[in-house]
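1. Attaching a predicted model along with its sequence, questions to come.
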Amino acid sequence: MCKSKKFMAIALVATMVFGSSLTAFAEDPVTSGGSDGAGASEGHVEKEVLNVVLPVIPTGSTPFAYTMDPERLIRETAGARYAEGTTFPEAEGDTGVYFQTGESTYANASNVVQAINKSSCDVKLSVTVKTTQNTAKDIALATTSAVATEGTPNLYLGLAVGTTKTPVTASAQTVDKVIAGTPGNFETTVVTNDSGVKSYAYQEKADATTWKAMNISMEGAVSNLAIAADATAPTVNVTWAYAKATTEDGTAATDAVDYSTTPAAPTEASASANSVVVGGNVNILLPEGVTITGLQKKKTDGTYNTLPAEYYTLEDITNGKKLTITNNLLTNLPAATSIKVVLSEGEPITLSVTSE
């Protein structure tokens with residue numbers, strides 16, 4: 001009897017355990033679920049940079065100021081009214097209108113100034129020109145460089161924007177040019193502010209090189225005729241402005257030029273002329289590592305003797321040097337003299353001194 005009760009107790013315990021197991025396995029299986037994920041944006045980077053460098057005119061400089069000489073007084077007196085060493089254009093092709101292009105140099109066309117597009121997008125450059133009358137005695141204006149050769153003398157002034165030339169009149173005229181942007185000079189980068197927070201930025205590349213630019217200059221011509229003693233010349237006014245180009249402005253101009261903040265180094269010595277006019281000068285660009293070892297003058301027997309170093313100056317430029325044979329010293333050399341520039345590397349450069 002005691003064994004029977006013991007057996008029943010064991011059986012009851014087993015039944016309870018088994019029943020408990022049955023209850024656990026009877027729960028429903030998990031067949032679905034989910035989780036929320038907050039949305040975030042990495043941000044926006046404005047990839048349109050508008051940056052145009054308009055012509056900068058140094059204080060005291062007036063690139064479009066000019067002197068007209070209808071009676072060619074400068075040529076007839078060999079420029080005696082001006083400081084010794086001052087140079088003017090050669091007689092052949094001289095138009096009688098002079099712009100100062102250097103400390104003691106005058107030419108029939110002004111120095112070139114540039115508008116440089118350092119943007120990632122195209123821009124429209126607008127250059128406006130007109131004259132302002134100084135007195136009622138101002139010389140008449142011509143509309144072409146073919147000025148009058150008889151009768152009443154007249155003056156031609158021409159604005160050049162790229163290759164487009166516009167005769168200057170008393171009425172304002174505007175020349176528009178689209179200058180291409182250079183998106184390849186920019187990149188998306190990560191910048192860190194003073195608080196250590198990082199953000200995206202669209203910036204100019206450290207190795208950005210070539211940009212597009214537009215040349216602006218002025219030329220002139222005047223009749224070779226007598227004028228009244230009290231005749232005057234008008235003032236020329238040039239202004240410029242820019243805006244982002246639109247589709248209505250058309251495509252980028254093909255007469256834009258390359259502008260680089262790091263000019264290419266000359267690969268060999270190159271002279272700005274193959275002759276030196278008495279009273280003139282000549283510049284020679286020397287590549288990096290090349291310098292002048294002597295300036296020589298050819299003698300009547302065909303040999304050369306060395307000229308003093310005071311006959312030239314040497315100036316450091318980007319990626320090389322600029323050699324200038326100074327004009328005020330060359331006035332002592334007779335015409336037809338041959339000058340040899342001996343360099344530390346490469347062939348010497350031979351120049352000829354001429355009187356005109």
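-> Received the coordinates, thanks.
2. Just to check, Ile116 is in contact with Asn51?
-> No: shown here, Ile116 and Asn51 do not form a contact pair, counting by C-beta atoms under 8 Å, at 9.1 Å. Yep, even glycine has a C-beta here, placed from its N, CA and C like the rest.
3. Could you check which of those two has the larger neighbour count?
-> A count of neighbours by other C-beta atoms under 10 Å puts Ile116 above the other of Ile116 and Asn51, at 20 against 14.
4. what's the neighbour count on Lys322?
-> By other C-beta under 10 Å, the residues close to Lys322 number 15.
5. can you give me the strands for the stretch 1-150 of the chain?
-> Along the stretch 1-150 of the chain, the stretches classed as strands by DSSP state E, counting those that start in this stretch are 52-53, 67-68, 97-102, 105-107, 113-117, 123-132, 140-141.
6. any idea which of the ones you listed is most buried?
-> strand 113-117 (a mean of 22; mean count of other C-beta atoms under 10 Å).
7. What are the contacting residues of stretch 247-261?
-> 114, 116-117, 122, 124, 162-164, 176-180, 208-215 (C-beta atoms under 8 Å, 6 or more residues apart in numbering).
8. no no, stretch 300-310
-> Applying C-beta under 8 Å, 6+ apart, the contact partners of stretch 300-310 are 294-299, 326, 329, 339-340.
9. Take the contacts of stretch 247-261 and keep only those in strands.
-> Those of the contacts of stretch 247-261 mapping onto strands are 114, 116-117, 124, 164, 176-179, 210-215, per DSSP state E.
10. Of those, which qualify as buried by neighbour count?
-> Buried subset of the ones in strands among the contacts of stretch 247-261 (neighbour count, 16 or more other C-beta atoms under 10 Å): 114, 116-117, 124, 176-179, 211-215.
11. Tabulate these (a markdown table), appending pLDDT and distance to Gly34.
-> What follows is those, written out as a markdown table (pLDDT from 0 to 100; distance: C-beta to C-beta, whole Å):
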| residue | pLDDT | distance to Gly34 |
| --- | --- | --- |
| Gln114 | 92 | 64 |
| Ile116 | 94 | 58 |
| Asn117 | 95 | 54 |
| Lys124 | 97 | 56 |
| Asp176 | 97 | 61 |
| Lys177 | 97 | 61 |
| Val178 | 97 | 56 |
| Ile179 | 97 | 56 |
| Trp211 | 93 | 55 |
| Lys212 | 94 | 56 |
| Ala213 | 94 | 60 |
| Met214 | 94 | 62 |
| Asn215 | 93 | 67 |
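12. which of those residues lies closest to Thr87?
-> Within those, distances to Thr87 taken as C-beta to C-beta reach their minimum at Asn215, with 23.0 Å.
13. Next up, the contacts around that closest one.
-> Contact analysis of Asn215 by C-beta under 8 Å, 6+ apart lists 112-114, 160-162, 257.
14. So which of those residues is the closest to Thr128?
-> Of all the contacts of Asn215, Thr128 sits closest to Val161, with 10.2 Å by C-beta to C-beta.
15. burial of the closest one, as a residue count?
-> For Val161, using other C-beta under 10 Å, the count is 24.
16. For it, which non-adjacent residue is closest in space?
-> Closest residue in space to Val161, ignoring its immediate chain neighbours: Val175 at 4.3 Å, by C-beta to C-beta, 6 or more residues apart in numbering.
17. Was I right to think the one you found contacts Thr166?
-> Yes: the criterion here is C-beta under 8 Å, and Val175 meets it with Thr166 at 5.7 Å.
18. which residues do the two both contact?
-> Common contact partners of Val175 and Thr166 (C-beta under 8 Å, 6+ apart): 129, 159.
19. who's more crowded, those two?
-> Between Val175 and Thr166, counting by other C-beta under 10 Å, Val175 is the more crowded of the two (19 against 16).
20. mind listing what's buried in stretch 212-227?
-> For stretch 212-227, a neighbour-count test (16+ other C-beta under 10 Å) marks 212-225, 227 as buried.
21. Quick check, central residue of the protein?
-> Ranked by distance to the mean C-alpha position of the chain (C-alpha atoms, centre = their mean), the top residue is Tyr259 at 3.9 Å.
22. Bridged to the nearest residue to that residue once chain neighbours are set aside, which residues?
-> The shortest distance from Tyr259 to any non-neighbouring residue, by C-beta to C-beta, 6+ apart, is to Ala213 (3.8 Å). Assessed by DSSP bridges, Ala213 has beta-bridge partners Ile116, Val257.
23. same question, Ala243
-> Legend: beta-bridge partners of Ala243 under DSSP bridges are Lys124.
24. Do a quick rundown of the strands in the stretch 201-350 of the chain.
-> 210-222, 235-244, 257-260, 270-271, 275-277, 282-287, 292-298, 304-306, 312-317, 320-325, 338-343, 349-354.
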